[in-house]
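Engineer: Quick one: sequence and predicted model below, then my questions.
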Amino acid sequence: MSTTSSIPAAPTPKAGSNRRERHRAETRQRLYGAALELFAERGFLETTVEDITESADVGKGTFFNYFPTKEHILAEFGGERTAAVARALDKAKSTDGPVLDVIGELAADAAGQSNLNAELLRAIFAAHASCAPVRAELRKRAQLARRSLAEMFQIGQERGEIRSDIPPNDLARMMQMTFMGLTMSWAINPESSLRKNATELWQLLVPNLKSRESLAVRRRDRRLKPGLDSKLHQRKSKL
């Protein structure tokens, strides 16, 4: 079984939970982790519930105490990605710093997927393409994430940081499509880390997302940096 990267953990029990709750959480995590590893190794469609329970070392009927179908494994996986966007929105609302920095952190983490291996991502994309229930779940999760992302862009626009000539919903849609394409491309040919690729792409995009006023402030700040004026003067003197 693949051990090239860690499998995301299912939600852990809250502090103070009793032994029974901890046992249930541990069993759920074993099933969840085993399923994702098998999806990466064999593919989503080729993996059966019996394969998952055997790998997790639990009875077959135990699976259905935690997940109604194996599609719900991917639903939970998608829920983690949506939760990452929701956390970024909360941070954007509370931060005094640039909203684009918050969005950039989210982008660099590829919506929480930087710890995944390429095999798992390929299996997930294949499941989305070939399985209608999974595809429907993807659309639902994507719409939830897009609304949160659009709200972040709107906050940045209201603060005068992000360009306002493009509606926030359109900015969110274009960003989602761009980084989904990046993730799919990386999964096919993972020559370097996903985080590195996402960071480089974000650095290309961010100047085109800033408002004119924000860019003007940045240029002014550059001019006011200590020593910059003297360096420019020295350059002019040499000409």
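Structural biologist: That came in fine, so what should we check first? Numbers count the residues shown, from 1 in each chain.
Engineer: mean confidence for stretch 102-114?
Structural biologist: Per-region confidence: stretch 102-114 scores 75 on mean pLDDT.
Engineer: before we move on, what about stretch 83-96?
Structural biologist: In this model, stretch 83-96 carries a mean pLDDT of 92.
Engineer: What sits closest to residue 108 if chain neighbours are left out?
Structural biologist: In space, and not counting its chain neighbours, residue 108 is closest to residue 199: 4.6 Å by C-beta to C-beta, 6 or more residues apart in numbering. Just so you know, the C-beta spots here come from the backbone N, C-alpha and C atoms, and that holds for glycine as well.
Engineer: The one you found looks like it's in a strand, true?
Structural biologist: No: assessed by DSSP: H, G, I helix; E, B strand; the rest coil, residue 199 does not belong to a strand; its assignment is helix.
Engineer: Quick one: neighbours of it, just the number.
Structural biologist: Counted with other C-beta atoms under 10 Å, the burial measure for residue 199 works out to 17 neighbours.
Engineer: Quick one, grab the pLDDT at it.
Structural biologist: According to the model's per-residue confidence, residue 199 sits at a pLDDT of 90.
Engineer: Repeat that for residue 130.
Structural biologist: pLDDT, read off for residue 130, is 80.
Engineer: Pull up the gap between the closest residue in space to it that isn't next to it in sequence and residue 22, please.
Structural biologist: Ranked by C-beta to C-beta, 6+ apart and with sequence neighbours excluded, the top spatial neighbour of residue 130 is residue 45, at 6.4 Å. In this structure, residue 45 lies at 33 Å from residue 22, with C-beta to C-beta, to the nearest Å as the measure.
Engineer: again with residue 123
Structural biologist: The spacing between residue 123 and residue 22, counted by C-beta to C-beta, is 30 Å.
Engineer: neighbours of the residue lying closest to residue 209 once chain neighbours are set aside, just the number please.
Structural biologist: In space, and not counting its chain neighbours, residue 209 is closest to residue 162: 5.7 Å by C-beta to C-beta, 6+ apart. Using other C-beta under 10 Å, the number of residues around residue 162 comes to 24.
Engineer: can you check residue 152 too?
Structural biologist: For residue 152, the tally of surrounding residues (other C-beta under 10 Å) stands at 25.
Engineer: List the contacts of it.
Structural biologist: Shown in contact with residue 152 (C-beta atoms under 8 Å, 6 or more residues apart in numbering): 88, 89, 92, 99, 102, 103, 172.
Engineer: Buried residues in the helix or strand harbouring the third one, which are they?
Structural biologist: What it means is residue 92. Following DSSP states H and E, the helix or strand that holds residue 92 is helix 71-94. For helix 71-94, the buried set under the neighbour-count rule, 16 or more other C-beta atoms under 10 Å, comprises 71-82, 84-85, 88-89, 91-92.
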